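> Got a predicted structure plus its sequence, pasted below:
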2 protein chains.
Amino acid sequence: MKSGQVETASPVSRVTIAEVASRAGVSPTTVSHVLSGKRAVGARTRVTVLEAIDELGYRPNHVARNLRTRRSHMIAVVVPDITNPFYGTLTRGLADALDPAGYGVYVCNTDGQHERERRFFDDALDRGVDGIVFASGETASQVTFGPADMSTPIVCVGERLDHPRCDTVRSDDEAGSRAAVAHLIDQGYQRIAMIQGPLRSAAARTQGFRSALQAGGRKVSPKLLVRGDWTRAGGAGAMRTLMKLPHRPDAVFCANDLMALGAIDVVHELGLAVPADVAIMGFDDVDAATIVHPPLSTVRNPPYEAGSAAGDLLMSRMSGRYDGAGRTVVLPCAVVVRGSA
Amino acid sequence: MKSGQVETASPVSRVTIAEVASRAGVSPTTVSHVLSGKRAVGARTRVTVLEAIDELGYRPNHVARNLRTRRSHMIAVVVPDITNPFYGTLTRGLADALDPAGYGVYVCNTDGQHERERRFFDDALDRGVDGIVFASGETASQVTFGPADMSTPIVCVGERLDHPRCDTVRSDDEAGSRAAVAHLIDQGYQRIAMIQGPLRSAAARTQGFRSALQAGGRKVSPKLLVRGDWTRAGGAGAMRTLMKLPHRPDAVFCANDLMALGAIDVVHELGLAVPADVAIMGFDDVDAATIVHPPLSTVRNPPYEAGSAAGDLLMSRMSGRYDGAGRTVVLPCAVVVRGSA
DNA sequence: CTCAGGACGCAAATCGTTTGGCCAATGTCG
DNA sequence: CGACATTGGCCAAACGATTTGCGTCCTGAG
């Protein structure tokens, strides 16, 4: 077999289907049919063709194929920043779901800027991707579509998008938050506070907090609801406010892990212990949650599963198996109990 | 202008260059020339064409263009796992370097498996990428090339690859390690140990350790050289060995951050303090380094810059600006002093 | 007035596949 | 034996751009 490598007349450019055909003494059509199986070809012919193919080392040119078939077997994933492990993992879930079907992944980083979102959207469409996964944060609804965009299926992660063939994947933030707070109640904590995100964001997490307290027969004191800005420093600031209250909380649920980290910092600053003096819970389950001391109890926001689900939704449309209205898949967010609560 | 959106006769498929041409009353050739600027076209004609283009909302079909021009303006990045922030950041650096020139990024996750490396390599080539960045770990040298692969430029990150048009990007691990250990010496630490990687890996980091000690007039005691397996748990195990020595070290340089984290765990376990009792340094500067307490002093292994450099190398070849032998760019690794040493 | 040469536009070939239509040979059945 | 499906294969037309070669018109110099 090694001789095959040598005997090929050093093809300066790639071998084409025509060369294979001529070597096998058949027409390009037949070679194509051998490869695709779209029509029957005789057993003898088939082996002749297959031999020619691997003697020549023929590999079909995808670009030409894409042009003709109008399918690229490539999908685009549009994320704010691939550097963020959340999106990295989402992308991986997507890639793993798509790979067995021969689909590859084209990544676009938008940094959450509308202009880049729009630009990459067009870019992806121009490149002929078969589908788009749009996970560029909360700004999704801002993107508008030209008439030509309508035939490419889209999956939107997080926010819903106004587009006829657009499916949605989102986490069940509310249920996750509710479960987290219920856990705090179970553990016997009495004054449970929350550090929310900035105004008008992630309302579902706050909602879960409220309904868990109500379900537990507690009142939600407005004093115990403060806002952070998603960052560690912001979480620390919010926590300081809480700890200065005349009647400070003995447990704090934070709308994300980063703020929870900041909250833990503050507890330590004050010479207190987590969770003995104050329990802390976060949301997202980022890598850092297992690194900090004590390890952070939190709610798992599953990016891999989100990517994977997005991939499945896309495939069902691309294959034509499904062609109806936009679907929504809601992913469960499980509480993961570690050391901090 | 909004009327333009409405008046288009709802093109079920995308607008082609021919439709633009007919609307503008010229030939497709002329439209192409207006777009590419490869030949002069009259001012009047140009505006007519441009008007037709945006009235129809024409967008060139990249697939067709790629087929004709044999350039896809897409490059592939082959990494073990995009989930790992190191590779995420590398990919981002690459994307940012390439984006201004209109290049997009196709990602392939290999999990370090030879078979997947080979498969994605072929896949990328079949898709007609203009270049490949190969960052799939130490296994790079294993990949072999068919004759058809030779015309696509490749950049290899980490290891060198045997390929005529292959450039290399790597970090200066040895100098980085040397600087880290020199820092420990400067700080007055006396018995400096090292937790190495597994046998036969990352020899440069050990080499840096040795030469820094020699430069400082110290002897390297074999007792103070132990091996970990790159993981946190492995680092902890190695650290325990060190701390059981009759004459335990007062500073430990770890071949990566994860192992350093494990080492810190052990110091705390023993009721000792970092860096008062034992100083710890790592290598890589992963995100976790700033999260842990005390924040880890380490050596920055710059993935963003690596990706960016890889992009530049690729571009210089794709543009034809450079066409010589394989180049190597070595990235400096700066010591970053935080709390742990 | 003539002619060289630049500016401008078009027709047609090309990139490498896939695929609908057609045809010949072979088999099947009444 | 005639009608008729079935099988296996080829031809040629797409797919949607770029690019080469060629012709025409215009302009300014001699």
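Looks like it arrived, so ask away. Numbers count the residues shown, from 1 in each chain, chains lettered A, B, ... in the order given.

> distance of residue A:51 from DNA strand C?
According to Cβ to the nearest atom of the strand, to the nearest Å, residue A:51 and DNA strand C sit 17 Å apart. C-beta here means a position set from N, CA and C on the backbone, and glycine is covered the same way.

> Report pLDDT for that residue.
Residue A:51 carries a pLDDT value of 95.

> now residue A:201
pLDDT, residue A:201: 82.

> Doesn't it belong to a helix?
No. Assigned with DSSP: H, G, I helix; E, B strand; the rest coil, residue A:201 falls outside any helix and is coil.

> Count the neighbours of it for me.
Using other Cβ atoms under 10 Å in any protein chain shown, residue A:201 has 15 neighbouring residues.

> and the longest helix for chain A?
Longest helix of chain A, by residue count under DSSP state H: helix A:303-318.

> Tell me which residues of that one come out buried.
For helix A:303-318, the neighbour count (16 or more other Cβ atoms under 10 Å in any protein chain shown) marks A:303-315, A:317-318 as buried.

> same check, this time on stretch A:156-174
Counting neighbours by 16+ other Cβ under 10 Å, one finds that the buried residues in stretch A:156-174 are A:156-159, A:161, A:163, A:165-174.

> returning to what we had before: which strands or helices does the longest helix of chain A pack on?
Of the remaining helices and strands, those touching helix A:303-318 by 3 or more Cβ pairs under 8 Å, 6 or more residues apart in numbering or on different chains; DSSP states H and E are strand A:74-79, helix A:85-98, strand A:131-134, strand A:154-157, strand A:166-171, strand A:328-331.

> Swap in 6 Å and give it another go.
The contact analysis (3 or more Cβ pairs under 6 Å, 6 or more residues apart in numbering or on different chains; DSSP states H and E) places helix A:303-318 against helix A:85-98, strand A:131-134, strand A:154-157, strand A:166-171.

> Could you check which residue of the stretch 151-300 of chain A lies nearest DNA strand C?
The nearest approach of the stretch 151-300 of chain A to DNA strand C comes at residue A:151, 16.6 Å away (Cβ to the nearest atom of the strand).

> all helices of chain A, in order?
Using DSSP H, helices in chain A cover A:2-7, A:17-24, A:28-36, A:43-56, A:62-69, A:85-98, A:114-126, A:173-186, A:203-215, A:232-243, A:257-269, A:288-291, A:303-318.

> quick one: the third one to helix A:17-24, angle?
Using axes from the mean of the first three to the mean of the last three Cα atoms, to 10 degrees, the interaxial angle of helix A:28-36 with respect to helix A:17-24 works out to 100 degrees.

> coming back round to it: and residue B:291, which of the helices and strands packed on helix A:303-318 is closest to it?
Residue B:291 sits nearest to helix A:85-98 of all the helices and strands packed on helix A:303-318, at 12.8 Å, using Cβ to Cβ.

> any idea of the mean pLDDT for the closest one?
Here the average pLDDT along helix A:85-98 is 96.

> CA atoms of that helix as CSV?
In CSV, the C-alpha atoms belonging to helix A:85-98 read as follows (Å, rounded to 0.1, in the frame of the first residue of the first chain):
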residue,chain,number,x,y,z
PRO,A,85,-15.2,28.8,29.8
PHE,A,86,-18.9,28.9,29.8
TYR,A,87,-19.0,29.5,26.1
GLY,A,88,-16.0,27.3,25.5
THR,A,89,-17.9,24.4,27.1
LEU,A,90,-21.1,25.3,25.2
THR,A,91,-19.2,25.2,22.0
ARG,A,92,-17.7,21.9,22.9
GLY,A,93,-21.2,20.4,23.6
LEU,A,94,-22.3,21.7,20.3
ALA,A,95,-19.4,20.3,18.5
ASP,A,96,-19.7,16.9,20.1
ALA,A,97,-23.4,16.8,19.2
LEU,A,98,-22.7,17.7,15.6
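
> check contacts around residue A:128.
When contacts are counted by Cβ atoms under 6 Å, 6 or more residues apart in numbering or on different chains, residue A:128 touches A:72, B:63.

> Correction: the previous question concerned residue A:94.
Counting by Cβ under 6 Å, 6+ apart, residue A:94 touches A:77, A:133, A:307, A:310-311.

> now those residues as TSV including pLDDT and distance to residue B:37?
Converted to TSV, those look like this (pLDDT from 0 to 100; distance: Cβ to Cβ, whole Å):
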residue	pLDDT	distance to residue B:37
A:77	97	33
A:133	96	35
A:307	98	40
A:310	98	39
A:311	98	40
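
> out of the residues you listed, who's nearest residue B:238?
For the contacts of residue A:94, the residue nearest residue B:238 by Cβ to Cβ is residue A:307; the value is 35.4 Å.

> hang on, isn't the closest one packed against residue A:89?
No. Residue A:307 is not in contact with residue A:89 according to Cβ atoms under 6 Å; the separation is 7.1 Å.

> pLDDT below threshold where in the stretch 101-250 of chain A?
Applying pLDDT under 70 to the stretch 101-250 of chain A flags residues A:137-149, A:160-161.

> now with 80?
Scanning the stretch 101-250 of chain A for pLDDT under 80 picks out A:137-150, A:159-165.

> which residues does the residue of it found nearest DNA strand D contact?
Here the residue of the stretch 101-250 of chain A nearest DNA strand D is residue A:126; by Cβ to the nearest atom of the strand that distance is 8.7 Å. By Cβ under 6 Å, 6+ apart, residue A:126 lies in contact with B:59, B:62.

> again, only this time at 8 Å
With contact set as Cβ atoms under 8 Å, 6 or more residues apart in numbering or on different chains, residue A:126 has these partners: B:59-62.
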